[in-house]
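Undergrad: need a 3D model of the following:
(2 chains)
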Amino acid sequence: MARLTTFLLALLPLTFMALLLALPLGRTLAEGGVNLGVWRDPYFVGRLGWTLGQALGTAAVALAVGGPLAYLLSRWNVPGRAVFLRFLLLPFVTPTLVAVLGLTALLGPQGWITRLTGIDLSDGPGLLLLGNLFFNLPVMIRLAHAGFSRVPPHLIGAARSLGASGWKAAWTVALPLALPGLAAGFILVFLYSALSFGLPLTLGGERYSTLEVEIYTLTAYQLRLPEASALIVGQLLLTGAATWAYVALTRGGAGISGRGLVPARGGTRAVIWTLMGGVSLICFGPLLAVVARSLISTSGPSLTAWQAVLSNPETWTLVGNTLRFGVLALFGAVLLGGLHALAAWRARGPISRVLDGLSLLPLMVSPVSLAVGYLLAYPALSATLPMLIGAYTLLGMPLVTRSLLPALRALPPRTLEAARTLGAGSYTVWRTVTFPLTLPALRGGAALALATVLGEFGATLVLTRPEWATLSTGLYDRLGRPGERNLTEACALATLLLVLAVLAFTLLDGGEGEVT
Amino acid sequence: MIVTGLLLGSAASAQTTLTVISHDSFEVDKALVAAFEKANATRVRFVKGGDAGELLNRLILTRRAPLADVVYGLDNSLLPRARAAGVLDAYRSPALKAVPATYRMDEANGTTLLNTVDYGIVAFNFDRAWFQKVGLALPKTLDDLKNPAYAKLTVVPSPATSSPGLAFLLASVNQYGEAGAWNWWRTVRAGGMKVTRGWSDAYYKEFTRNGGKFPIVLSYASSPAAEVFYAEGFSAAKLPQQSPTGNLLLPGSTFLQLEGVGVLKGAKQPGLARKFVDFMLSGGVQADLPTRLWIYPAVAGTPLNPVFKFAEQPKPTPIKPALLANPQRLVDGWVTNVLRR
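TA: Modelled structure (predicted):
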């Protein structure tokens, strides 16, 4: 009976993934065959090395900066903490080209910071790594924060009363207990950085391109599917191994999320603010630069771009489409991702682990190869709305599952059993206990899924139609034409997108939602 | 009631639909499209298929189940591949008579697959303010760019991943021959020329005018006109003296890109598709396209917005037809002989 329920729960999300992921990917691989000879080319082996190197480097820096900050924020309260955590989601919605514009405005050859310091990062991989951190520090901080929050405060208190210093207590008590969360964060940042596409495409130039960029070049420009397929297979093996490690690490779930923050004083407060300042510089600096760019033309401060954008009726179509597609995909992602999380939680043993791992598949597969698969497998659907919403849903699903599953696993079994013994039916238990306890996590996941969809440049997955233009495609359009007005208007549209995102987060998530 | 609704819905959509696929930059006046729809009792559905190179690859991948009836945006460098893959049906619009022979495609082949709608000229642009401030003379030939003093001022989108980049590769091979061109590219790259993935990266990230450090960028001959058109406070009544950017027409560096429209093989609406081809060559569309796409109308005598006076119109060197027969081979040659060396 329980098995049947689990099976039924998993049926819908798994069918969806089979249709929108496995089948198209298989179609791509089958179309040209797989030419493994490409792996004998030292050039591609070098690209593999660089892909791994930049991803490991990003994950290491994110852990070194994000880990300590997350620990401190899980124990102490400082003014600005809640706003900081909420705004930390903003990089998720930021379209790649906007992040690149922001980074260039600050650190490009004539960037504001470059001119102040004289340090020019634009020729090496520096900007690419900073871009990786921009997108991934928030992931690390929120994951580690979730891990540290579940360390019962009384354990640390006990260590302190036995004479351990604050640092010693953190190192010997909190760290080992939060280690799975930290390791999971490390692997997720590694996966995101290894598979990211837009960033190495624009900031990597030709010298720092990653495997995903090479797959794109071979597929979209050279139509060499057999070679591209070999790279896809190699990349899948790599991400599969990382995912396996990730699932093994997060399997344990966790204890109760312990609140009870103490206001930070003196040195602790200074350390927290310093770290928050550093992270803000990386994660919010580029965004502020884009906002500033929308207000400054070559002739000085000016509202022209905003007047043009706000008085153009097309802008409201863009906002409307962005919201419409966002909400539709959000429904899909919450439904399918939620069912997937429930099934993985109810299932036991290896089945649970398999379901858990499968939920990460949409993050592991190269979007470029999927796009080709859609064309081959569903030519008749290729420019239809269901296909677009389906692709958006696929992007949002894993984020909902990743948020909900740890919260379900962290549910104290005794509370559920107590409700049962007091005579509650399974539906009543669900409604009165399970649902309210996991709602914050669901809201957090929903916010992330919506954010991803809001900022997504739809054309990467499906053929689009002009009437589907969203804020992100609108700003890409402007950046496809020369002229200053196009640049400042693109920055104004990007600012609108960010405002929309902040509103969505405030509505959906208190800012403390967890990502795992 | 739902059933009635569905029936009404399907009755309303019983009229035909013509599907037009194009590259991402395509846009045309909605009023003109509405008039076409009315005149032909049809609905026109536009689909965007990526940039021109991606668009062709998508058409090749789906040739057994075509994505559309008519395609706009394939150019003369892509035509040989489109021909070899058999994705287009022959159709020569009567309106092509008004297009000067130099801008027509397929004249030698006898069958017309693509009807030229417009043309653009890929050319270097430079940042006037930068050169004035530094007081450096502009380079005069492609050979001058071999000098590191100029090479390190130049940014070019990659021939492997961008259509202006490919156009310039063809121009350089036309100028120097293959071996000479690889030599040119290697020298200039060693001297500090930057190669970016796409046009936007080169123009909005690396060009000095937009915060980069390269005052010479490969773009289009019409870009200086667009710079004036999109400048703050632009009004057609009082045009400025000069565009902030200028054309840098080094001999042999420009490439004439002809963009065309054609009927897709296996089109569900071949008749309407042909009418759409004619429509793209009609006066209204021809006059509307230049300030939308920053290209020149193909039909002779079409009025141009006065802002185009800021763009010089060079006479591009004719490209040897043999080079256009298989551009992909040259891209591969460039990747092995220049990029990965």
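Undergrad: hey, let's count contacts and neighbours off CA atoms from now on
TA: OK.
Undergrad: any part of the helix or strand harbouring A:Leu238 near chain B?
TA: In this assignment (DSSP states H and E), A:Leu238 forms part of helix A:225-250. No. Using CA under 8 Å from any CA of the partner chain, we find that helix A:225-250 stays clear of chain B, coming within 10.4 Å at best.
Undergrad: if you count neighbours, what's buried in that helix?
TA: By neighbour count, and taking 16 or more other CA atoms under 10 Å in any protein chain shown as the criterion, the buried residues in helix A:225-250 are A:225-232, A:234-236, A:238-240, A:242-244, A:246-247, A:249-250.
Undergrad: also stretch B:283-293?
TA: Of the residues in stretch B:283-293, those with enough neighbours to count as buried (16+ other CA under 10 Å) are B:285-291, B:293.
Undergrad: ditto for stretch A:433-452
TA: Of the residues in stretch A:433-452, those scored as buried under the neighbour-count criterion (16+ other CA under 10 Å) are A:434, A:437-452.
Undergrad: residue ranges with poor pLDDT in the chain?
TA: No chain in the question, so chain A it is. Counting by pLDDT under 70, chain A shows low-confidence ranges at A:1-2, A:251-260, A:456-460, A:509-516.
Undergrad: that answer is for a different chain, and I need it for chain B
TA: For chain B, residues meeting the criterion pLDDT under 70 lie at B:1-14.
Undergrad: in it, spot the helix with the most residues.
TA: Assignment by DSSP state H gives helix B:163-190 as the longest helix of chain B.
Undergrad: next structured bit after it?
TA: Using DSSP H and E, the helix or strand that follows helix B:163-190 towards the C-terminus is strand B:194-196.
Undergrad: look through the stretch 351-500 of chain A and state the residue closest to chain B.
TA: When you check the stretch 351-500 of chain A against chain B by CA to the nearest CA, the closest residue turns out to be A:Gly483, at 4.2 Å.
Undergrad: touching, that residue and B:Ser222? I think so.
TA: No. Counting by CA atoms under 8 Å, B:Ser222 is not a contact partner of A:Gly483; they are 11.2 Å apart.
Undergrad: between the two, who's got more neighbours?
TA: Neighbours around A:Gly483 and B:Ser222, counted as other CA atoms under 10 Å in any protein chain shown, are more numerous at B:Ser222. The numbers are 29 against 26.
Undergrad: show me what the strand or helix carrying B:Leu56 is packed up against.
TA: In this structure, B:Leu56 sits in helix B:52-61 according to DSSP H and E. Using 3 or more CA pairs under 8 Å, 6 or more residues apart in numbering or on different chains; DSSP states H and E as the contact definition, the elements that helix B:52-61 packs against are helix A:367-377, strand B:70-75, helix B:79-85.
Undergrad: can you list the residues that contact the shortest one?
TA: Contacts of strand B:70-75 from elsewhere in the structure, counted by CA atoms under 8 Å, 6 or more residues apart in numbering or on different chains, are B:19-23, B:26, B:52-53, B:55-56, B:114, B:257-264, B:267, B:273, B:276-277.
Undergrad: what's the closest non-adjacent residue to A:Ile282?
TA: A:Phe134 (5.7 Å; CA to CA, 6 or more residues apart in numbering or on different chains).
Undergrad: residues in contact with A:Gly266?
TA: For A:Gly266, the set of contacting residues under the criterion of CA under 8 Å, 6+ apart is empty.
Undergrad: so it versus chain B, what's the distance?
TA: With distances taken as CA to the nearest CA, to the nearest Å, A:Gly266 is found 41 Å from chain B.
Undergrad: check contacts around the residue in the stretch 101-250 of chain B that chain A sits nearest to.
TA: In the stretch 101-250 of chain B, the residue that lies nearest chain A is B:Glu227 (4.2 Å; CA to the nearest CA). Taking CA under 8 Å, 6+ apart as the criterion, B:Glu227 is in contact with A:482-484, B:243-245.
Undergrad: distance to A:Pro386 added to those residues, as TSV?
TA: Compiled in TSV, the contacts of B:Glu227 are given as follows (distance: CA to CA, whole Å):
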residue	distance to A:Pro386
A:Pro482	34
A:Gly483	36
A:Glu484	37
B:Ser243	46
B:Pro244	45
B:Thr245	44
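Undergrad: among those, name the ones in helices.
TA: Taking DSSP H, the ones among those that sit in helices are A:Glu484.
Undergrad: now, of the helices and strands packed on helix B:52-61, which is deepest in the fold?
TA: strand B:70-75 (a mean of 26; mean count of other CA atoms under 10 Å in any protein chain shown).
Undergrad: need the CA coordinates for it. PDB is fine.
TA: Presented in PDB, the C-alpha positions along strand B:70-75 are these (Å, rounded to 0.1, in the frame of the first residue of the first chain):
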ATOM      1  CA  VAL B  70       9.300  30.500 -45.100                       C
ATOM      2  CA  VAL B  71      12.700  31.600 -43.700                       C
ATOM      3  CA  TYR B  72      14.200  35.100 -43.500                       C
ATOM      4  CA  GLY B  73      17.800  35.800 -42.500                       C
ATOM      5  CA  LEU B  74      20.000  33.300 -44.200                       C
ATOM      6  CA  ASP B  75      22.900  35.100 -45.900                       C
END
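Undergrad: what's the angle between that strand and helix B:163-190?
TA: Going by axes from the mean of the first three to the mean of the last three CA atoms, to 10 degrees, strand B:70-75 is angled at 20 degrees with respect to helix B:163-190.
Undergrad: strand B:70-75 pairs with which strands, parallel or anti?
TA: strand B:16-22 (parallel), strand B:255-264 (antiparallel) (DSSP bridges).
Undergrad: in contact with B:Ser223: list those residues for me.
TA: Each residue near B:Ser223 by CA under 8 Å, 6+ apart is listed here: A:482-483, B:125, B:245, B:294, B:311.
Undergrad: elements contacting the helix holding A:Leu238?
TA: Packed against helix A:225-250, as judged by 3+ CA pairs under 8 Å, 6+ apart, are the following elements: helix A:23-32, helix A:175-195, helix A:211-216, helix A:349-358, helix A:361-364.
Undergrad: can I get these in CSV with distance to chain B and mean neighbour count?
TA: Shown next, in CSV, are the helices and strands packed on helix A:225-250 (distance: least, CA to the nearest CA, whole Å; neighbours: other CA atoms under 10 Å in any protein chain shown):
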stretch, distance to chain B, mean neighbour count
helix A:23-32, 9, 19
helix A:175-195, 18, 23
helix A:211-216, 10, 25
helix A:349-358, 29, 17
helix A:361-364, 22, 21
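Undergrad: show me the strands in the chain, by range?
TA: This is for chain A. All strands of chain A, identified by DSSP state E, fall at A:76-77, A:262-263, A:296-297, A:300-301.
Undergrad: not quite, I wanted chain B
TA: Ranges of strands in chain B, per DSSP E, are B:16-22, B:42-48, B:70-75, B:88-89, B:115-127, B:154-157, B:194-196, B:216-220, B:245-248, B:255-264, B:296-297.
Undergrad: the ones you listed into CSV, with extra columns for distance to A:Gly300?
TA: Output for the strands of chain B, formatted as CSV (distance: least, CA to CA, whole Å):
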stretch, distance to A:Gly300
strand B:16-22, 38
strand B:42-48, 37
strand B:70-75, 38
strand B:88-89, 51
strand B:115-127, 19
strand B:154-157, 27
strand B:194-196, 29
strand B:216-220, 24
strand B:245-248, 19
strand B:255-264, 37
strand B:296-297, 33
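Undergrad: so for A:Met387, which of the ones you listed sits nearest?
TA: Comparing those by their distance to A:Met387 (CA to CA), the top pick is strand B:42-48, with 13.5 Å.
Undergrad: tell me the buried residues in that closest one?
TA: Buried, per 16+ other CA under 10 Å, within strand B:42-48: B:42-44, B:46-48.
Undergrad: filter the residues you listed by proximity to chain A?
TA: Checked against chain A using CA under 8 Å from any CA, these give the following subset in range: B:46-48.
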